[in-house]
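Asks: fold the following and give me the result.
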Amino acid sequence: MQKSLYCLSRRSRASMNACLRQGGFTAIELMVVLSIMVVLATLAAPSFTAMIQRWRVQQSIEELSGTFYLARSEAMRRGVEVHLMKLDSGADCTSTTATDWSCGWILYADLNRNGKYDSSGADADFLIQNHTPAKNISITYNDGDKSIVVNQWGDILKVGGSGISFEPKSHGTADMKRTLCIIGGGKIYQSTGTQCS
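Replies: I've put the predicted structure just below:
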């Protein structure tokens, strides 16, 4: 501020031009600063990628956990079995095996008690939830069933001991793998890695 007042107080054109030329940055200085910023951003990008992948894995685990709690409460409220069934296809997704739950799942009340989802007709089942998980996350039900059943008392049936594994589809490391473990009575907990301990 003092410099600008000094420049304004000078009356000659030569001294005014000299004052004005001294302020600001040169193009070379700006290019150097931008180059440094690009290098720093390039170095930081991989750590952000890993952080985002961990967040997506955690988000998917919490979504499926929430679905299990919803299934238990709906089964007890309605007094019928509620089924959590994997989707074989979804938006930009096709599941090729019975263990792959990456395309998502539906949760429905089996009102006609036939053990499969009937979306229409006189005895149609009630769809509670249709969920598509985060993209680029591999979700594997290690016991290989296409559905998990919750009975009218809220007990989770047909659950083995290995749980449901979550991991990034690409660039994932071993520390990013998590497993949602389900115990027959309905206890749900997380475990690091791909096995329940």
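Asks: now residue 82. Nearest residue, chain neighbours left out?
Replies: residue 75 (4.1 Å; C-beta to C-beta, 6 or more residues apart in numbering). (Glycine included, C-beta is placed from N, CA and C.)
Asks: please disregard the earlier target; I meant residue 177.
Replies: Residue 177 sits nearest to residue 167 (C-beta to C-beta, 6+ apart), 4.3 Å away.
Asks: next, count neighbours for that neighbour.
Replies: 20 (other C-beta atoms under 10 Å).
Asks: how close does it get to residue 138?
Replies: 5 Å (C-beta to C-beta, to the nearest Å).
Asks: ok, residue 47 next?
Replies: Taking C-beta to C-beta, one finds residue 47 at 22 Å from residue 138.
Asks: and those two? which has more neighbours close in?
Replies: Per other C-beta under 10 Å, whichever of residue 47 and residue 138 has more neighbours is residue 138, with 18 against 9.
Asks: wouldn't the more buried one be in contact with residue 168 here?
Replies: Yes - using C-beta atoms under 8 Å, residue 138 is in contact with residue 168, at 7.2 Å.
Asks: doesn't residue 180 make contact with residue 167?
Replies: No - shown here, residue 167 and residue 180 do not form a contact pair, counting by C-beta under 8 Å, at 11.9 Å.
Asks: what about residue 118, which helix or strand?
Replies: In the assignment (DSSP states H and E), residue 118 maps to no helix and no strand.
Asks: quick one: the helices in the protein?
Replies: Using DSSP state H, the helices of the chain run over 2-9, 13-21, 27-78.
Asks: what mean pLDDT does the last one get?
Replies: Just to be clear, that refers to helix 27-78. What helix 27-78 shows for mean pLDDT is 89.
Asks: try the first one
Replies: Helix 2-9 carries an average pLDDT of 54.
Asks: same thing with the second one?
Replies: If you average the pLDDT over helix 13-21, you get 60.
Asks: just want the most central residue of this structure.
Replies: When C-alpha atoms, centre = their mean is applied to the chain, the residue found nearest the centroid is residue 56 (2.7 Å).
Asks: name the nearest residue to residue 185, ignoring sequence neighbours.
Replies: Closest to residue 185 by C-beta to C-beta, 6+ apart is residue 155, at 5.9 Å.
Asks: so the one you found versus residue 149, what's the distance?
Replies: In terms of C-beta to C-beta, residue 155 sits 9 Å off from residue 149.
Asks: more crowded one of these two?
Replies: Taking neighbours as other C-beta under 10 Å, residue 155 and residue 149 compare with residue 149 leading, 19 against 15.
Asks: now the more buried one. Nearest residue, chain neighbours left out?
Replies: Per C-beta to C-beta, 6+ apart, closest to residue 149 is residue 157, 4.5 Å.
Asks: and that neighbour, how many residues sit next to it?
Replies: Around residue 157 there are 12 residues (other C-beta under 10 Å).
Asks: tell me the contacts of it?
Replies: Contact partners of residue 157, counting by C-beta atoms under 8 Å, 6 or more residues apart in numbering, are 148, 149, 150, 151, 184.
Asks: that'll do, ta.
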